[in-house]
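**Student:** sequence unknown, structure follows:
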């Protein structure tokens with residue numbers, strides 16, 4: 001059921017999901033707006049309660065109508081948690097503004113795409129575009145690769161793990177948009193996601209290393225296995241940049257496009273690997 005649900009969700013997301021309607025991040029804003037104090041304990045409690053609610057709904061649906069209800073719930077959870085509909089919309093708006101030479105609009109969209117880690121200010125255009133590439137690669141990881149990992153690896157508990165990860169991702173995004181870095185640090189959200197991202201980042205890094213300059217990327221990947229302090233964002237984007245070394249970094253349209261093309265290739269590789277492992281019974 002995992003593979004069938006995964007393929008259906010990805011197909012639906014690619015064809016129809018553009019905007020916030022089917023985005024869990026948007027649906028949870030009404031909950032986050034009620035929070036006025038922040039702590040790590042609160043973040044953990046909210047995440048566990050959310051995962052328990054998802055587990056309860058799936059448990060109640062177990063066996064209903066020969067499993068059809070449970071399958072539909074798996075699909076709905078996947079649609080809410082996998083995919084970056086609103087980010088795709090911002091990316092298209094950025095490309096349109098860049099083609100038209102509207103620097104103000106393109107800068108505004110670039111800042112939105114790089115909401116979590118931001119873009120450098122006092123730097124060259126090449127460095128700024130490279131960091132925009134990194135932001136796009138990270139969006140692909142956060143909304144596609146990491147959700148696919150948790151959904152596939154956790155088997156029958158995949159939707160629960162996926163919902164928990166998507167909750168943390170949505171909370172971090174909301175905090176980055178509406179609150180100060182100090183308040184965000186009080187929630188412990190960056191630490192929790194750092195732990196949750198450790199394994200999937202390195203698995204995704206293998207794909208980036210193999211696509212890029214293996215003689216340079218693979219040693220960097222092996223070094224990352226013992227690195228517990230570098231942010232997962234830096235680990236992933238450093239490996240991905242080996243694959244983008246030959247791409248231009250001075251064209252405001254082609255530079256981000258190169259990152260998106262690479263990210264799609266890696267996503268397809270991950271889907272194929274999940275399909276093969278599922279067919280051979282390694283994954284449920």
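**Tutor:** Done, it's in. Remember, it's a predicted structure, so these values are computed and weren't measured experimentally. Residues are numbered from 1 along each chain as shown.
**Student:** which other helices and strands contact the helix or strand where residue 95 lies?
**Tutor:** Assigned by DSSP states H and E, residue 95 falls within helix 85-100. With contacts taken as 3 or more C-beta pairs under 8 Å, 6 or more residues apart in numbering; DSSP states H and E, helix 85-100 sits against helix 103-113, helix 254-279. In short, each C-beta sits where N, CA and C put it, glycine included.
**Student:** closest to residue 126 out of the ones you listed?
**Tutor:** In terms of C-beta to C-beta, the element of these nearest to residue 126 is helix 254-279, at 8.6 Å.
**Student:** Phi and psi next, for the residue most central in space within the chain.
**Tutor:** Nearest to the geometric centre of the chain sits residue 142, at 1.0 Å (C-alpha atoms, centre = their mean). When read as degrees, to the nearest 10, the backbone of residue 142 gives phi -70, psi -30.
**Student:** got the contact list for it?
**Tutor:** By C-beta atoms under 8 Å, 6 or more residues apart in numbering, the contact set of residue 142 is 84, 169.
**Student:** Give me the distance between it and residue 195.
**Tutor:** 15 Å (C-beta to C-beta, to the nearest Å).
**Student:** swap in residue 110?
**Tutor:** The separation that residue 110 has from residue 195, given C-beta to C-beta, amounts to 29 Å.
**Student:** And residue 275, how far from residue 173?
**Tutor:** 30 Å.
**Student:** Who has more neighbours out of those two?
**Tutor:** A count of neighbours by other C-beta atoms under 10 Å puts residue 173 above the other of residue 275 and residue 173, at 21 against 15.
**Student:** and that one, which of the three is it?
**Tutor:** Three-state assignment for residue 173 (DSSP: H, G, I helix; E, B strand; the rest coil): helix.
**Student:** my guess is it meets residue 116, correct?
**Tutor:** Yes - between residue 173 and residue 116 there is a contact under C-beta atoms under 8 Å: 6.9 Å.
**Student:** what stretches of this protein score poorly on pLDDT?
**Tutor:** When residues are selected by pLDDT under 70, those of the chain lie in 17-18, 212-215, 248, 281-284.
**Student:** and residue 272, how far is that from residue 171?
**Tutor:** 31 Å.
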